[in-house]
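Undergrad: below is the sequence, then the predicted model.
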Amino acid sequence: MLEDNYAAVQKKIAEAAIRAGRNTEEVKLIAVTKTVNLATVKRAATLGIRDFGENRVQDAAEKVAALPELNWHFIGHLQSNKVKEVIPHYGLIHSLDRLSLAGALQKGADRSDLTVEALVQVNVSGEESKFGLEPRELVPFLDQVKIYDRLILKGLMTMAPFVDDPEETRIYFRRLRELRDRCRENHENLMELSMGMTNDYEVAVEEGATMVRIGSAIFNAHQ
């Protein structure tokens, strides 16, 4: 049951937070609905889930338009030509990974007279298959985007390698937290850490995640 899945995920998040000496309220669950139909999203919302993540603009359009009262997060790779479709509907973009995209977001926000909140995606693992800045590029990037007054950076995001043993992901989550902590000396608004998915979110919470992006653990076989 969807309800049982959601309850189980909540319980595991709470237990991981307790193990790390953290308050469960510090961790926001983002339900990833990229393969989930509108009816199921509506059911999930009735359970109290308010934050939902999508990674394809066109595939998500129907759901986002039908449920504007929910908090929508854009978690996928964002093409600059899709910015105008994302800015009005998504409260947080998790995947800012290049200066050209920052510029496109600034221009789009200017046109819409809005501000845009975003997380900087960092490729902590160094995998070629993943998007994101290299860790050494982060500080220069943060300095460069200061000119964009419509862009508000809230924190960092990463994706760990997919491995059989979640414990192996710990080093990557820890590195992101350490990066965030160092950068906060000059960029105090960098509070958020979006890290951890279905296979490794408990480890991510133990290492300081403030947002976990979970899809199949909630929705598997309930579409």
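TA: Yep, it's here. Numbering: from 1, shown residues only.

Undergrad: OK, contacts around H187?
TA: By CB atoms under 8 Å, 6 or more residues apart in numbering, the contact set of H187 is 142, 153. No exception for glycine: its C-beta is placed from N, CA and C like everyone else's.

Undergrad: now it: how far from I87?
TA: 22 Å (CB to CB, to the nearest Å).

Undergrad: repeat that for T169.
TA: Separation of T169 from I87 (CB to CB) stands at 32 Å.

Undergrad: just want to know which of these two has more residues nearby.
TA: Neighbour comparison, T169 and I87: the larger count goes to T169, with 26 against 21 (by other CB atoms under 10 Å).

Undergrad: that one against V163, yeah?
TA: Yes - contact criterion CB atoms under 8 Å: T169 and V163 qualify, at 6.4 Å.

Undergrad: between those two, what contacts are shared?
TA: Shared contacts of T169 and V163, defined by CB under 8 Å, 6+ apart, are found at D200.

Undergrad: what number of residues lie near the nearest residue to G126 once chain neighbours are set aside?
TA: Residue nearest to G126 in three dimensions, not counting chain neighbours: E134, with 7.3 Å by CB to CB, 6 or more residues apart in numbering. Each residue near E134 was counted by other CB under 10 Å, and the total is 11.

Undergrad: and G91, by the same measure?
TA: 12.

Undergrad: next one: it, what pLDDT does it get?
TA: Looking at G91, its pLDDT is 97.

Undergrad: which residue packs closest to it, ignoring adjacent ones?
TA: Nearest residue to G91 in three dimensions, chain neighbours excluded: N71, at 5.3 Å (CB to CB, 6+ apart).

Undergrad: give me phi/psi at the one you found?
TA: Per-residue torsions, N71: phi -90, psi 110 (degrees, to the nearest 10).

Undergrad: please name the bridge partners of it.
TA: Beta-bridge partners for N71, by DSSP bridges, are D51.

Undergrad: return the residues in contact with it.
TA: The neighbours of N71, taking CB under 8 Å, 6+ apart as the test, are 50-52, 91-92.

Undergrad: that one and A7: what is the separation?
TA: Separation of N71 from A7 (CB to CB): 20 Å.

Undergrad: check A104 too.
TA: A104 is 40 Å from A7, by CB to CB.

Undergrad: which helix runs longest in this protein?
TA: Longest helix in the chain by number of residues, with DSSP state H as the criterion: helix 2-19.

Undergrad: buried ones in it?
TA: Across helix 2-19, burial judged by 16 or more other CB atoms under 10 Å covers 2, 5-6, 9-10, 12-14, 16-17.

Undergrad: arrange these in JSON lines, one row each, with distance to E206 and pLDDT as further columns.
TA: Supplementary listing: the buried residues of helix 2-19 in JSON lines, determined by distance: CB to CB, whole Å; pLDDT from 0 to 100:
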{"residue": "L2", "distance to E206": "26", "pLDDT": "96"}
{"residue": "N5", "distance to E206": "21", "pLDDT": "96"}
{"residue": "Y6", "distance to E206": "21", "pLDDT": "97"}
{"residue": "V9", "distance to E206": "15", "pLDDT": "97"}
{"residue": "Q10", "distance to E206": "16", "pLDDT": "97"}
{"residue": "K12", "distance to E206": "11", "pLDDT": "98"}
{"residue": "I13", "distance to E206": "10", "pLDDT": "98"}
{"residue": "A14", "distance to E206": "12", "pLDDT": "98"}
{"residue": "A16", "distance to E206": "5", "pLDDT": "98"}
{"residue": "A17", "distance to E206": "8", "pLDDT": "98"}
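
Undergrad: that concludes my questions; thank you for your assistance.
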